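>>> Sharing a sequence plus its predicted fold:
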Amino acid sequence: MSEDPEYPPPTPAMSTGLAVLFYGGLLGLAWLLGVLWLDLDLLVWHDIWETPTWLDVTLGLGLGLLTVGASRVLEHTTDWARVLGEEFRKILGKLTPTQALIFAVTSGVGEEVFFRGFLQQALSELAFGGGSTGWILGLIVASTIFGLIHIGPDRKKFLPWTIMALVLGVLFGLLYLYTGNILAPIIAHFTINFFNLLHIANLSVSDDRE
């Protein structure tokens, strides 16, 4: 099948370059505000429960794979999920696996370091005074901001994405709160983005062969 003009492939250098630039800037902002200004450790918040690294990895991977599986089920059973997938395909074009990997790594690391490593920690400990109440308030506020930045060009069609981002923000935040470090949220975030982007790429390839 010939190229579908409705879903043009993005320019690899421009797409991956913008991802690295944007999320690199987000990391830089987190470092400036969190490390230089507030003297926070963006990678390790606490070690209260002393979770081993293997558990952090397992929790992050488990949440990521469960979310990916739920996404596939929803896509096959609901209209809104199918529409959302089509809208993302229009925006992203025909991604290559390498592009999907770069997008997943940069977004997973950049967003988690900023929203969990910096924002949730700063809100919990400094703005809300720490303790169980401060942790809960920090989790809620950081997750809400994380959800609200995930608004697409068509708010009605992308509303499910915003809601899912809000829910996932809470789950990522709970992982961060429990493990005390950024590893589990990064792995979960990366897994979700990578496999969902690969799914979009595979759909594009399948359409070309029809």
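Thanks, I have it. Numbers count the residues shown, from 1 in each chain.
>>> What residues of stretch 24-35 count as buried?
With burial defined by 16 or more other C-beta atoms under 10 Å, the residues of stretch 24-35 counted as buried are 26-27, 30-31, 33-34. Every C-beta, even on glycine, is put in place using the N, C-alpha and C of the backbone.
>>> Now do the longest helix along the chain: distance to the chain's middle.
When the chain is scanned for its longest helix (criterion: DSSP state H), the result is helix 183-209. On the basis of C-alpha atoms, centre = their mean, to the nearest Å, the separation between the geometric centre of helix 183-209 and that of its chain is 12 Å.
>>> tell me what it is packed against?
Contact partners of helix 183-209 among helices and strands, from 3 or more C-beta pairs under 8 Å, 6 or more residues apart in numbering; DSSP states H and E: helix 53-77, helix 79-92, helix 97-112, helix 155-179.
>>> Name the helix or strand of the protein that has the lowest mean pLDDT.
Of all helical and strand segments in the chain, the minimum by mean pLDDT, DSSP states H and E falls on helix 183-209, at a mean of 82.
>>> What is the burial count for the nearest residue to Gly34 once chain neighbours are set aside?
If you skip the residues right next to it in sequence, Gly34 has Phe118 as its closest partner in space, 3.9 Å away by C-beta to C-beta, 6 or more residues apart in numbering. Counted by other C-beta atoms under 10 Å, the residues lying close to Phe118 total 26.
>>> Might one say that Phe118 is in contact with Leu36?
No: taking C-beta atoms under 8 Å as the definition, Phe118 is not a contact partner of Leu36, at 11.3 Å.
>>> pLDDT weak spots in the chain?
Counting by pLDDT under 70, the chain shows low-confidence ranges at 1-14, 203-210.
>>> switch the cut-off to 50
In the predicted model of the chain, residues 1-3, 5, 7, 10-14, 205-206, 209-210 satisfy pLDDT under 50.
>>> Tell me who's in contact with the residue nearest the centre of it.
Using C-alpha atoms, centre = their mean, the residue of the chain that lies closest to the mean C-alpha position is His189, 4.4 Å off. Under the criterion of C-beta atoms under 8 Å, 6 or more residues apart in numbering, the neighbours of His189 are 64, 107-108, 111-112, 168, 172.
>>> could you redo the last one with a cut-off of 6 Å?
Contact analysis of His189 by C-beta atoms under 6 Å, 6 or more residues apart in numbering lists 108, 112.
>>> begin at 367 from here
Shifting the count to begin at 367 puts that one at His555.
>>> Distance of it relative to Lys522?
Between His555 and Lys522 the distance is 26 Å, computed by C-beta to C-beta, to the nearest Å.
>>> ok, back up a step: list the buried residues in the longest helix of the chain.
549-567, 569-570.
>>> Good, wrapping up.
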